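Novice: Predicted model and sequence follow; I will ask about them next.
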Amino acid sequence: MFFPFGAGYLYVGAPIRYAVFLLLITLNNSVLLLAPSGWLSEPIVLIGLQGIYIVLLCGMALDVVWQALKRVNFQLRWYNRWWVYVGSILLGVVIHSTTDLVADQSDWAVRMFSIPAESNAPTLLVGDYIVVDNKAYEHKNPIRGDMVVFKVPRDNTTDYVQRVMGLPGDKIQLIGGVVFVNSVQIKRQQQEDFVLASKSKVRQFLEILPDGRSYLTLDIRSGSLSDDTGVYIVPKDHYFMLGDNRDNSNDSRFSFVGFVPRKNIFAHAKWIFYSKHINRIGKLIN
């Protein structure tokens with residue numbers, strides 16, 4: 001049977017069902033390509049659209065089998081030719097890959113990134129796959145506390161995910177692992193220790209911004225070099241980034257990243273699409 005992309009419908013003599021299937025797949029892909037990013041980046045919407053796509057594929061395969069079993073004394077039609085089957089499969093591939101053909105990933109409304117390191121633990125863990133709003137900052141600027149994706153200024157190619165801590169004009173300093181913004185201490189409350197992938201327990205803090213937003217951070221070692229810094233004055237149109245794993249993050253405290261130009265920030269991390277830790281799937285990123 002030629003199941004791929006609905007070609008099986010032609011094999012069993014059901015061209016109308018084939019056309020309807022292609023129409024539904026095209027509509028589903030069009031929503032993924034054209035819908036507003038803020039809407040698409042919601043977990044229930046994106047998972048729902050992917051679920052519909054899977055249901056359409058599975059339903060098509062089962063229906064083709066059912067149609068084949070029902071039909072007796074079937075007579076070949078003009079479309080029951082090998083070149084029509086091949087052409088229909090190629091058409092399905094084109095429709096399936098619409099987003100790839102229309103635009104590269106940098107133009108998509110939402111994108112997915114995998115997390116390769118512990119620099120943002122406990123918020124993001126190694127092996128997490130996150131969904132980001134790729135259009136979030138087209139008409140507005142990041143705010144303090146946003147977990148953003150940006151191009152590292154040194155090469156403008158490498159993608160990093162870190163938290164915005166300093167806005168243009170801010171003075172940022174860390175003293176004893178505590179963040180000060182414009183000489184005002186960011187509140188933090190110690191939480192239950194966090195267990196790293198290495199099974200070692202480390203101190204965990206809830207950091208609370210002046211606007212009430214909060215997120216968890218780690219402090220692996222007291223008195224580390226990155227716990228105490230000088231004062232960083234954020235230049236115009238630049239931002240200061242910190243990883244949530246404060247003693248294990250190559251962020252704006254170090255020259256490889258430094259201050260990040262506004263133009264390099266392109267996405268807002270929204271939620272965890274997949275993780276080897278089942279309870280993290282669907283979790284919003286604070």
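Specialist: All right, it came through fine.
Novice: Name the SS class of Y160, please.
Specialist: Here Y160 is strand, with the state taken from DSSP: H, G, I helix; E, B strand; the rest coil.
Novice: burial count for the nearest residue to it once chain neighbours are set aside?
Specialist: For Y160, ignoring the flanking residues on the chain, the nearest one in space by Cβ to Cβ, 6 or more residues apart in numbering is V152 at 5.5 Å. All C-beta spots, glycine's among them, are computed from the backbone N, C-alpha and C. The local packing of V152 (other Cβ atoms under 10 Å) involves 18 other residues.
Novice: So what's the gap between the helix or strand hosting W39 and the chain middle?
Specialist: Applying DSSP states H and E as the criterion places W39 in helix 37-40. Centroid separation between helix 37-40 and its chain, computed with Cα atoms, centre = their mean, to the nearest Å, is 12 Å.
Novice: same question, stretch 241-250
Specialist: Chain-centre distance of stretch 241-250: 20 Å, with Cα atoms, centre = their mean.
Novice: same deal with stretch 187-199?
Specialist: Distance of stretch 187-199 from the chain centroid (Cα atoms, centre = their mean) equals 24 Å.
Novice: quick one, strands of this structure?
Specialist: For the chain, the strands defined by DSSP state E cover 110-114, 129-133, 147-151, 159-166, 171-175, 178-181, 184-185, 187-195, 201-208, 214-219, 232-233, 238-242, 260-261, 265-274.
Novice: Buried deepest among those strands, which one?
Specialist: strand 238-242 (a mean of 25; mean count of other Cβ atoms under 10 Å).
Novice: in its sheet, what does that strand sit against?
Specialist: Neighbouring strands of strand 238-242 in its sheet, by DSSP bridges, are strand 159-166 (antiparallel), strand 260-261 (antiparallel).
Novice: Columns mean pLDDT and distance to L91 on top of those, output as TSV?
Specialist: TSV is the format used below for these (pLDDT from 0 to 100; distance: least, Cβ to Cβ, whole Å):
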stretch	mean pLDDT	distance to L91
strand 159-166	98	34
strand 260-261	98	43
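Novice: Output the ones you listed in a markdown table; the columns should cover distance to W82.
Specialist: Converted to a markdown table, the strands paired with strand 238-242 look like this (distance: least, Cβ to Cβ, whole Å):
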| stretch | distance to W82 |
| --- | --- |
| strand 159-166 | 44 |
| strand 260-261 | 55 |
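Novice: Looking at those, spot the one closest to G223.
Specialist: Among the strands paired with strand 238-242, the nearest to G223 by Cβ to Cβ is strand 159-166 (20.7 Å).
Novice: Contacts made by the closest one with the rest, please.
Specialist: By Cβ atoms under 8 Å, 6 or more residues apart in numbering, the surrounding residues in contact with strand 159-166 are 113, 115, 119-120, 123-124, 130, 142-152, 172, 179, 181, 215, 232, 234, 239-244, 249, 251-252, 257, 269.
Novice: State the distance from D228 to H268.
Specialist: Distance of D228 to H268, given as Cβ to Cβ, to the nearest Å: 30 Å.
Novice: and if you look at P210?
Specialist: Counting by Cβ to Cβ, the gap from P210 to H268 is 20 Å.
Novice: do the same with L174
Specialist: Counting by Cβ to Cβ, the gap from L174 to H268 is 24 Å.
Novice: Likewise for L40?
Specialist: Distance from L40 to H268, counting by Cβ to Cβ: 13 Å.
Novice: so P168 sits right up against D237, yeah?
Specialist: Yes - P168 lies in contact with D237 (Cβ atoms under 8 Å); the separation is 6.0 Å.
Novice: any common contacting residues for the two?
Specialist: The overlap between the contact sets of P168 and D237 (Cβ under 8 Å, 6+ apart) consists of R262.
Novice: quick one: which of these two has more around it?
Specialist: The residue with more neighbours, out of P168 and D237, is P168; 15 against 11, by other Cβ under 10 Å.
Novice: quick one, what contacts the more buried one?
Specialist: Going by Cβ under 8 Å, 6+ apart, the list of residues near P168 reads V234, P235, K236, D237, H238, Y239, R262.
Novice: give me that answer again for 6 Å
Specialist: Contacts for P168 (Cβ atoms under 6 Å, 6 or more residues apart in numbering) come out as V234, K236, D237.
Novice: Break this structure down into its structural domains.
Specialist: 4-102, 109-280 (automatic domain parsing).
Novice: want to try CSV for these, with distance to N286 as columns?
Specialist: Converted to CSV, the domains of the chain look like this (distance: least, Cβ to Cβ, whole Å):
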stretch, distance to N286
domain 4-102, 14
domain 109-280, 4
